[in-house]
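Student: dropping the sequence and predicted coords here.
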Amino acid sequence: MEEWYHYLLLIVVGFAVGFINTVAGGGSLLSLPVLIFLGLPANLANGTNRVAIVIQTAIATAGFKSKGVSTYPFNVYLGISAFLGSIIGAYIAVDITGDLFKQILAIIMIGVVCLIVFGPKLSLQVVEERLTGKYLWLGIIVFFLFGIYGGFINAGLGFLMILFLHYVNRMSLVRSNATKVAVVCMYMISALVVFILNDLVNWKIGLILAIGNGSGAWFASRFSVSKGDGFIKTFLVVMVVIMAVKLWFF
């Protein structure tokens, strides 16, 4: 990265990724290829991307809270579980070769797209949330597994979190998103530490990318609350179509 426009590209891409990750998910499908295109090895790109995601999710959480949307302490329980799982996933990612990493990412993303396209329709009906008892314990177990995947790659995980929180815990899409970003912030910290200890973080690139990610996340968190579930549902559908086209043709 020697050209000035590379830094501008990172900020612009970061803003888009921050917005996408906050409202839906899958933003790393954009940032990871860009980082690799700029010359970072796949493992280093994976670790560097975590810097921007930690900052992005922290800002998004603050943005949702500023609009009065918070799911504490439910999000903390899920976050602690995912935090532990992400340590396992990050160590797996550290030992994966670049070519294998990209092959696994492609396969996983095809599965995520199929789940969203052919899965149950998102409902906007307002129902009572299920955040205690067996639903809490089910969430803790599932989010531990989410944490493993999040520590490993993370790309596209936001979609799965939204689907789980919406259908199992019966959260609105706005509250599902607020929970998602808080949980990701918690588990991403542990994953980032693992990458740092293995010298797989380019701080300069990661912090420049984070400028864009954080800006996009702040805007998206407040904008999505004001627009409501209808906007999020539409955005999810659009992102699924874009992801499917990208994976199929590019």
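Tutor: Perfect, thanks for sending it.

Student: which parts of stretch 220-231 are buried?
Tutor: Residues of stretch 220-231 classed as buried by neighbour count (16 or more other Cβ atoms under 10 Å): 220, 221, 222, 224, 225, 229, 231. For glycine as for every other residue, the C-beta is placed from the backbone atoms N, C-alpha and C.

Student: what's the closest of those to residue 87?
Tutor: Lowest distance from residue 87 to those (Cβ to Cβ) belongs to residue 221, with 26.9 Å.

Student: and that closest one, how far from residue 53?
Tutor: Computed as Cβ to Cβ, to the nearest Å, the residue 221 to residue 53 distance reads 14 Å.

Student: from the buried residues of stretch 220-231, which land in helices?
Tutor: Mapping those onto helices (DSSP state H) picks out 220, 221, 222, 224, 225, 229, 231.

Student: from those, pick the one nearest residue 128.
Tutor: residue 229 (15.8 Å).

Student: distance of the nearest residue to that closest one once chain neighbours are set aside relative to residue 40?
Tutor: Nearest non-adjacent residue to residue 229, counting by Cβ to Cβ, 6 or more residues apart in numbering: residue 173, 4.3 Å away. Going from residue 173 to residue 40 by Cβ to Cβ gives 33 Å.

Student: what does residue 235 give?
Tutor: Distance, residue 235 to residue 40, using Cβ to Cβ: 29 Å.

Student: looking at these two, which has the bigger crowd around it?
Tutor: Per other Cβ atoms under 10 Å, whichever of residue 235 and residue 40 has more neighbours is residue 40, with 22 against 18.

Student: look at the more buried one and give its secondary structure.
Tutor: The three-state label given to residue 40 by DSSP: H, G, I helix; E, B strand; the rest coil is coil.

Student: quick check: pLDDT value at it.
Tutor: In this model, residue 40 is scored at 92, pLDDT.

Student: quick one, what contacts it?
Tutor: Going by Cβ atoms under 8 Å, 6 or more residues apart in numbering, residue 40 touches 48, 202, 205.

Student: centroid residue for the protein?
Tutor: Nearest to the mean C-alpha position of the chain, by Cα atoms, centre = their mean, lies residue 158 at 4.6 Å.

Student: in whichever strand or helix holds residue 87, which residues are buried?
Tutor: For residue 87, the host element (DSSP states H and E) is helix 74-94. Along helix 74-94, these residues count as buried under the neighbour rule (16+ other Cβ under 10 Å): 74-75, 77-91, 93-94.

Student: ok, stretch 59-74 next?
Tutor: Neighbour counts over stretch 59-74 (16+ other Cβ under 10 Å) mark 59, 60, 61, 62, 63, 64, 69, 70, 71, 74 as buried.

Student: returning to what we had before: quick check: the farthest pair among the buried residues of stretch 220-231?
Tutor: Longest distance between any two of these is 15.4 Å, between 222 and 229; criterion Cβ to Cβ.

Student: how about low-confidence regions in the protein?
Tutor: The model of the chain has pLDDT under 70 over residues 1-2, 96-106, 108-117, 119-127, 236-237, 240-250.
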